[in-house]
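Participant: coordinates for the following, if possible.
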Amino acid sequence: MKGFRSNIGLATSLHPKVRKDVFPKMRYLIRLLLLGAPLLFITSGVANAGHQDGGTNISFTVSMSKPHTHLLEVEMRIAEFGATAIREDVLVMPVWTPGSYLIREFERHVQNFSAVDASGRALPWEKINKNSWRIRTNNAREIRVKYLVYANELTVRTNELNSDHAFWNNAALLMYLERSLTHAVKIHVNPAPGWKVATGLPPVPGEKNTFEAENFDILYDSPFEVSDFKQIDFVVRGVPHRIVIDGEGNYDATLMRAVVQKIVEAEVAMFGDIPYHDYTFFLHLRSTGGGGLEHLNSTGLGFRRFGFSDANGYRRFGALVAHEFFHLWNVKRIRPDALGPFDYSKENHTKLLWVAEGITEYYGQLMLRRAGLISDEAYLAHIASQIRDVQDTPGRKLMSAEDASFNSWIKEYRPDENSINSQISYYDKGELLGLLLDLEIRRRSNNAKSLDDVMRMLYTDFFKRNRNYTPADFQKVCETAAGSSLEDFFSRYVRGTEELPYNKFLSAAGIEVEEAGLPIELELLSSTPPINVPTQAYLGAELEDSGDFVSVKNVRAGSAAYEQGLNAKDLIIAIDGERANTSRLLALVAAKRPGDVVRFTVFRNDDVRTLDIKLGGLIAADFQIVQLPARSEQQKRIYDSWMRQDSLQ
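Facilitator: Predicted coordinates:
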């Protein structure tokens, strides 16, 4: 990509008139490649862009004349050029947006649909399924479709319009022609008075608030923020970056810029390539909510407005930024088998979300260390916490990382009270698998190769050759880096559900995870703590206050509560005859010993029940990662290069 960027620099340095004459359509190709879109989109998108060659021109206008109504006003124009007239067209609203693997039924917010020809004559139409509208065009060369979209949900994957701002994802707002997703698109925004427009799409020269996309996949990967937003700018390797901020908070702009810039520099250093012409961080600061969603040259971020009060707040913010920014390589360009080109009308299943999301989470956290934003100790404490979370999830024994990935559409975003017992998060286990794979590749290659090399090879051998990778491809690339077969690792821990032998792999870097001063072994994770290890009473239920009662959110399989009949959704009235609230109940349990019997009085379906539960035991210590007493020179080298990354030292 560096070589191509040099050629682009030569082309764009020409006089505008000469550039227009010599490169009449090259700008579409250039921007497409810079954004990293699959090359298979280029031919159709460019061919349909010009009038004289025939084809279809599509444009949108998005207006917001009454922001307080939460209604975004959409006009879509479809113009045909050529000998063939279109007798009917079908418009489709996506049911999901890439990066968020759940059918969200965006069409439910559409209202006031209408269609006319260029003269304003009404065209007949009908809705033919949940998210498709068929229009009888009567051979009209141009049709104009209007509809409203109710936008009153601020998340990184949905739309919000109110008196303060507008934010939308185009997949949740704009329809596409069923016959093709490859048409070039223009989108014009009519902002409310005093508002500015921000998006990752390139502007159309000479047309205010008008932007273009080479195809619908790029359009749907480019959100908009329209408001009187604040902006923080910085440059990395000559490429402009900006943080577009909507909402107030206790952040320090100088510190925020420094944190984000260091993360960008660290991740760019790993790949050695910037595959975009500019990058936008959309940041919404609110009192509740949060999260992130990746895009080709931007990301949507939500964070607590007063979450910047201390170093831990900036660390959490940095982790969010690092995760989403890493996605611009891993997922947006290094694409799992089913993730692009997309089918926006149904689920796009893949077994690789543990790589796409889990390994992204691994690097998102590791990059904080490599960027110098946290210490070794802080990073290792995070890993220890992640190990604890996975080991405290009984579902890890039933669901593999690949199965968790494939079932994302029906499980990950629809948790219930039994989820903790029946499934595992591909984020959580994927992060740990990434860690163990990284250290194993370093050990086998005598620290000549790492997971960094795997990601770079995927970027070069798949993205740059316009290929998606399969589970078999990923394993093969890992084996190439390691120099030997990793079938045992993938069959047991990725496709299988065997316990992860953490210390077997952590030892490559001269570290181990321990609890109560003892290395973690499988017997330490059983329900019966070993002798001479300090223990505390353990119920095994997650609780929360619910009015005057304590509600049971879930009960972990194998725990005392699970085995002796406490149910999720039970309302605990009292414990040992004392009125219960969550803090009092936890204190009472903490004062007990393993083996003590406690009487719970509960409401279950409005009936009063009494349960005598013999408490289990839990080791009274956190997981910690510590250095081995004696470390070899290789272990020291692996540790240092893993933590600090050679290119950043």
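
Participant: only C-alpha atoms, please: export stretch 372-387 in CSV.
Facilitator: What follows is stretch 372-387, C-alpha atoms only, in CSV (Å, rounded to 0.1, in the frame of the first residue of the first chain):
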residue,chain,number,x,y,z
GLY,A,372,3.4,3.4,27.5
LEU,A,373,0.0,4.2,28.9
ILE,A,374,0.0,1.5,31.6
SER,A,375,2.7,-0.4,33.5
ASP,A,376,3.6,-4.1,33.1
GLU,A,377,2.0,-4.7,36.5
ALA,A,378,-1.3,-3.1,35.4
TYR,A,379,-1.4,-5.1,32.2
LEU,A,380,-0.7,-8.4,34.0
ALA,A,381,-3.4,-7.6,36.6
HIS,A,382,-5.8,-7.2,33.7
ILE,A,383,-4.9,-10.6,32.3
ALA,A,384,-5.3,-12.2,35.8
SER,A,385,-8.8,-10.6,36.0
GLN,A,386,-9.7,-11.9,32.6
ILE,A,387,-8.6,-15.4,33.6
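
Participant: now the strands for the stretch 101-250 of the chain?
Facilitator: Secondary structure of the stretch 101-250 of the chain (DSSP state E, counting those that start in this stretch): strands at 110-117, 125-129, 132-136, 142-150, 160-161, 165-168, 176-177, 185-190, 196-199, 210-213, 224-227, 230-236, 239-246.

Participant: same list (those strands) but as a markdown table, adding mean neighbour count.
Facilitator: Where you see a C-beta, it was placed from the backbone N, CA and C, and this is true even at glycine. Listed next are the strands of the stretch 101-250 of the chain as a markdown table, based on neighbours: other C-beta atoms under 10 Å:
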| stretch | mean neighbour count |
| --- | --- |
| strand 110-117 | 15 |
| strand 125-129 | 13 |
| strand 132-136 | 18 |
| strand 142-150 | 19 |
| strand 160-161 | 22 |
| strand 165-168 | 23 |
| strand 176-177 | 22 |
| strand 185-190 | 20 |
| strand 196-199 | 19 |
| strand 210-213 | 22 |
| strand 224-227 | 24 |
| strand 230-236 | 14 |
| strand 239-246 | 20 |
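
Participant: in TSV: the ones you listed, plus mean pLDDT.
Facilitator: Formatted as TSV, the strands of the stretch 101-250 of the chain follow (pLDDT from 0 to 100):
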stretch	mean pLDDT
strand 110-117	97
strand 125-129	97
strand 132-136	97
strand 142-150	97
strand 160-161	98
strand 165-168	98
strand 176-177	97
strand 185-190	98
strand 196-199	98
strand 210-213	98
strand 224-227	98
strand 230-236	98
strand 239-246	98
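
Participant: of those, which is nearest residue 545?
Facilitator: With C-beta to C-beta, the closest approach to residue 545 among these belongs to strand 160-161: 29.7 Å.

Participant: determine how far the closest one lies from the middle of the whole chain.
Facilitator: With C-alpha atoms, centre = their mean, to the nearest Å as the basis, strand 160-161 stands 21 Å off its chain's centre.

Participant: same for that strand, what does it pack against?
Facilitator: Applying 3 or more C-beta pairs under 8 Å, 6 or more residues apart in numbering; DSSP states H and E, one finds that strand 160-161 contacts strand 165-168.

Participant: now do the strand it packs on: which elements does it pack against?
Facilitator: If you count contacts as 3+ C-beta pairs under 8 Å, 6+ apart, strand 165-168 packs onto strand 160-161, strand 224-227.

Participant: quick one: contacts for the most centrally placed residue in the chain?
Facilitator: By C-alpha atoms, centre = their mean, the mean C-alpha position of the chain lies nearest to residue 293, the distance being 4.8 Å. Residue 293 makes contact with 97, 99-100, 156-157, 169, 223, 299-300, 324, according to C-beta atoms under 8 Å, 6 or more residues apart in numbering.

Participant: so which of these comes closest to residue 141?
Facilitator: Lowest distance from residue 141 to the contacts of residue 293 (C-beta to C-beta) belongs to residue 169, with 30.9 Å.

Participant: mind checking how far that closest one is from residue 115?
Facilitator: Applying C-beta to C-beta, to the nearest Å, the value for residue 169 to residue 115 is 24 Å.

Participant: then residue 374?
Facilitator: Using C-beta to C-beta, one gets 55 Å for the distance from residue 374 to residue 115.

Participant: ok, and what's touching stretch 448-455?
Facilitator: 270-271, 329-330, 334, 359, 362-363, 434, 437-438, 441-442, 474, 477-478, 481-483, 641-642, 645.

Participant: quick check: ChimeraX command selecting the buried ones in the residues you listed.
Facilitator: Command for ChimeraX that selects the buried part of these, burial taken from 16 or more other C-beta atoms under 10 Å:
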select :270,271,329,330,334,359,362,363,434,437,438,441,442,474,477,478,481,482,641,642,645
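
Participant: next step: the contacts of stretch 448-455 restricted to helices.
Facilitator: For the contacts of stretch 448-455, membership in helices holds for 270-271, 362-363, 434, 437-438, 441-442, 474, 477-478, 481-482, 641-642, with DSSP state H as the criterion.

Participant: show me what counts as buried in stretch 367-384.
Facilitator: Neighbour count says stretch 367-384 has 367-371, 373-374, 379-384 buried, by 16+ other C-beta under 10 Å.
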